[in-house]
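In: okay, here's the prediction I keep looking at, along with the sequence it came from:
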2 protein chains.
Amino acid sequence: MAKELKDLTKRADDYSQWYNELVIKADLAEQSPVRGCMVIKPYGYAIWEKMQQTLDKMFKETGVQNAYFPLLIPKSFLCREAEHVEGFAKECAVVTHYRLKNDPEGKGVVVDPEARLEEELIIRPTSETIIWGTYKNWIHSYRDLPLLINQWANVMRWEMRTRMFLRTAEFLWQEGHCAHATAEESEARTVQMINLYAAFAEKYMAMPVIKGVKSANERFAGALNTYTIEAMMQDGKALQAGTSHNLGQNFAKAFDVTFVNKENKPELVWANSWGVSTRLMGALIMTHSDDNGLVLPPHLAPIQVVIIPIYKNADQLAEISKHVEPIILKLKEMGISVKYDDAENRRPGFKFADYELKGVPVRLAIGARDIENGTVEVMRRDTLEKSEEKLEGIETKVRDLLEEIQANIYKKALAHRDSLTRTVDTYDEFKKEIEKGGFILAHWDGTEETELKIKEETKATLRCIPLDGDTTPGKCMVTGKPSKQRVIFARNY
Amino acid sequence: MAKELKDLTKRADDYSQWYNELVIKADLAEQSPVRGCMVIKPYGYAIWEKMQQTLDKMFKETGVQNAYFPLLIPKSFLCREAEHVEGFAKECAVVTHYRLKNDPEGKGVVVDPEARLEEELIIRPTSETIIWGTYKNWIHSYRDLPLLINQWANVMRWEMRTRMFLRTAEFLWQEGHCAHATAEESEARTVQMINLYAAFAEKYMAMPVIKGVKSANERFAGALNTYTIEAMMQDGKALQAGTSHNLGQNFAKAFDVTFVNKENKPELVWANSWGVSTRLMGALIMTHSDDNGLVLPPHLAPIQVVIIPIYKNADQLAEISKHVEPIILKLKEMGISVKYDDAENRRPGFKFADYELKGVPVRLAIGARDIENGTVEVMRRDTLEKSEEKLEGIETKVRDLLEEIQANIYKKALAHRDSLTRTVDTYDEFKKEIEKGGFILAHWDGTEETELKIKEETKATLRCIPLDGDTTPGKCMVTGKPSKQRVIFARNY
């Protein structure tokens, strides 16, 4: 393990390589034999489970219920909403047959041509179409609204270039699909969910995000408006971490979903959808981790504290364990997850390096002399600082330290983002600055033409029109035409 | 709702129709537009979530970790284990293309023939092949064993005849896949998991089950041995509720998974797999429910207690609510989920019928006169008995009543099973008895030939060779050949 750690590429040398190696070495995930699909390993999945549990609770507190809709979508459903099919048709896995058979020429097993489906089925790239096809039967009166549903599911988009967690053909996510009686209510829910995502990112992932609106060009296929949270990675690139879409009446129209209002008149239903995915794992890794490995926020770490005994013989181990047991109990009572690693086949040095690589926030090391002196060595993963503490009352110190680490890594990430966020006024300046990475705040004339020109010439995309930004008007840095407010450009994942 | 309830077919009239209607009317699930696939509605999904959470905790307590493997399996992987592909090839969904395109003839969207996959991909019917293909890279030494992994996932089997929850093309399940250094250890885990499933069925679902071994003919495709838990539904038909398979070294051989043992010699790894699915929802419904609707065991009911105020005006409601609030708080503190339904647009009678249909275990009804008298009407769903109780201290009474209901419905189901379990000694007697339903204990000569003859002539299948049954030897009821012990026959779901 110490060797593996030494092998980790440094961020400064090759950030992209560092990321790919870290995902593997920290046992988070690996490539599967299926093109573009990953295997999420137990340690990676444990982090995802913590994210899921937290988000699921937050959703339910706003009245959302979970349900489950089919994996497969009839081709005709996908095609009902014109922009939607345009957005997804080019990257979808298609089921055409429902049986294999023995090869008549004796070469193993082949697709049975007689088992061809009358209508092809698409593995869901997202579920608006199958869900709105179902809502038609669920919604009749204003009394049936709002309908607030979420599903945790796997989806598939046949991406050409994939990277573990960040962009995979299959990924895990949640997708919320709400139906409302009025445009105002639907818009309010759309905004409520982007705010919820921002709160989750900041409070649990310790990842600062900017809330904003996507340009028409970057909108979800079929949406009137897409809200986004944008995070900045350590290399200065942007990462879209969650989106919430106001779908207007587009899907209600496509699937003929109407309700009878209080005045007894039929009206089309208003829709929104919102989602985050295992992509958040990539964001988490790239926001905090360092050249020694993962740095996990205590609020999402599967193991928050590891305790490692330093001993020369069984008697010493027994003595240390006797003192450690009540500490473990107290930590667990406080709701802190703790691992006591007294395995004999790995030396302390190996264990230290391994838990650093895995990002465990706090490490306690206790030797025979510590027991004599009533002390313990405490190491915090975020700063790698060590200190000697009194064994008595160590539980509350650990609890406080976990909160301190959570706050500190957020502060650090925020300071990093701020240091890489600049305001520019001319396109020449922009071209220079964008090479250095980070968020660039600039005026834009609001046209797709200008947006695409900038993308083509600089590889920078319009990340969002910030919700909480400075709204002073100005002139577009490219065309000089009027601009309502500065928007954020960046190169992105 | 009262009308809908009245419309529920009686079990005695048409058990099958009663089941289908109940799934719909109780808002558990419905058919989707995709052949054989269902939509699990929020109320049904809430019950499944409770099952999941409970099982997940039980798995983790035995050292199992969750992970996630790809949805799609390369055809060549499925074909590596001969019996396995034979068992699943005839009912699998096949992905052949990865793109749609605009129809050159202008008729919407069609499969792009240029986007044909080199190798077809199968939607997992079960994941042994992709997982053992992965374990090859995870297992090198005896130190890597045992490997105890579970995944919660959707799977697909293209069944010709489907019924909601009981047999659907897509279903949700968990599949555990363990790797061990010795045959003994793997067998012990296989048995441990069938015991765990039996404990879950009995303790949480209040559903008695018989643990046993499947005959060779009913074994999982690729297993040496399949353990099962068999439950009996109210109509006397058997339902296989969970299975645990000892896979021997079959998959290790097929995927060349070896480990270096303590003597530094390479050995093939030993495997087992085990799973339960949303089929348990069907079992739960058919074990306890009655002509008034669902009967849910308190340990799995999303709403354990519903409180309904009976009022004539806003003042009365306010007065009742004031008295109910502290009760709700106390129930919640005890970990009891409670719903206070003070909705004004439905009359108490409608609410009563609705919560009966939904199987809420305990109903409290409180009117203005109850407040004066310090009383409350308590209704228990299992027996439909009503009683007047003192309002003071009602929380502990409710808590005790929930446990009483849990125990009572288990007892009732057990008595029903016992009443329909008979021992027969001749094939003539068997043919008569099997028509009445239930479990028939009979001697069998152990051959597939006799088993198939019985199935053909009586539609009864060999459910299992019971683990805890009478092991007195005897003579096969069909052939007169020696039999080691009685086995269980039944017609089944």
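Out: Structure's in. What do you need?
In: nearest residue to the residue in the stretch 201-350 of chain A that chain B sits nearest to other than its sequence neighbours?
Out: As assessed by CB to the nearest CB, chain B sits closest to residue A:345 within the stretch 201-350 of chain A, at 7.1 Å. For glycine as for every other residue, the C-beta is placed from the backbone atoms N, C-alpha and C. Leaving aside its chain neighbours, residue A:345 sits nearest to residue B:143 (7.1 Å; criterion: CB to CB, 6 or more residues apart in numbering or on different chains).
In: can you count the residues close to the one you found?
Out: Using other CB atoms under 10 Å in any protein chain shown, residue B:143 has 12 neighbouring residues.
In: Three-state assignment for it, please.
Out: Secondary structure, DSSP: H, G, I helix; E, B strand; the rest coil: residue B:143 is helix.
In: so which strand or helix has the residue of chain A most remote from its centre?
Out: No residue in chain A sits farther from the centre than residue A:105, which is 48.0 Å out by CA atoms, centre = their mean. Assessed by DSSP states H and E, residue A:105 sits outside every helix and strand.
In: quick one, phi/psi of it?
Out: phi -90, psi 10 (degrees, to the nearest 10).
In: and residue A:6, what pLDDT?
Out: Looking at residue A:6, its pLDDT is 63.
In: let me see the contact set for residue A:154.
Out: Going by CB atoms under 8 Å, 6 or more residues apart in numbering or on different chains, residue A:154 touches A:71, A:170-173, B:71, B:153-154.
In: just the residues you listed: which are in helices?
Out: Among the contacts of residue A:154, no member is found in helices (DSSP state H).
In: residue ranges of the helices in the stretch 351-493 of chain A, please?
Out: Applying DSSP state H, counting those that start in this stretch to the stretch 351-493 of chain A gives helices spanning A:368-373, A:394-419, A:427-434, A:448-458.
In: so residue A:198 sits against residue A:228, correct?
Out: No: counting by CB atoms under 8 Å, residue A:198 stays clear of residue A:228, with 10.0 Å between them.
In: which one's more surrounded, those two?
Out: Using other CB under 10 Å as the criterion, residue A:198 and residue A:228 rank with residue A:228 on top: 26 against 22.
In: what are the bridge partners for that one, then?
Out: Beta-bridge pairing of residue A:228 under DSSP bridges involves residue A:212, residue A:243.
In: ok, now which ones touch the nearest residue in space to residue A:23 that is not next to it in sequence?
Out: Take residue A:23 and drop its neighbours on the chain: the residue closest to it by CB to CB, 6+ apart is residue A:164, 4.9 Å away. Contacts here follow CB under 8 Å, 6+ apart; on that basis residue A:164 touches A:20, A:23, A:28-31, A:38, A:282.
In: got it, and residue A:182?
Out: Contacts of residue A:182 by CB under 8 Å, 6+ apart are residue A:270.
In: let me see the backbone angles for it.
Out: phi -130, psi 160.
In: for the stretch 1-150 of chain A, which residues score under the pLDDT cut-off?
Out: For the stretch 1-150 of chain A, the stretches flagged by pLDDT under 70 are A:1-6.
In: before we move on, back to that, with mean neighbour count and mean pLDDT added, can I get the helices of the stretch 351-493 of chain A in TSV?
Out: As requested, those are exported to TSV (neighbours: other CB atoms under 10 Å in any protein chain shown; pLDDT from 0 to 100):
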stretch	mean neighbour count	mean pLDDT
helix A:368-373	14	95
helix A:394-419	17	98
helix A:427-434	16	98
helix A:448-458	15	97
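In: of all these, which one is nearest residue B:314?
Out: Closest of these to residue B:314 is helix A:394-419, at 46.1 Å (criterion: CB to CB).
In: what is that closest one packed up against?
Out: Contact partners of helix A:394-419 among helices and strands, from 3 or more CB pairs under 8 Å, 6 or more residues apart in numbering or on different chains; DSSP states H and E: helix A:279-288, helix A:314-333, strand A:362-367, strand A:375-380.
In: this completes my enquiry, with thanks.
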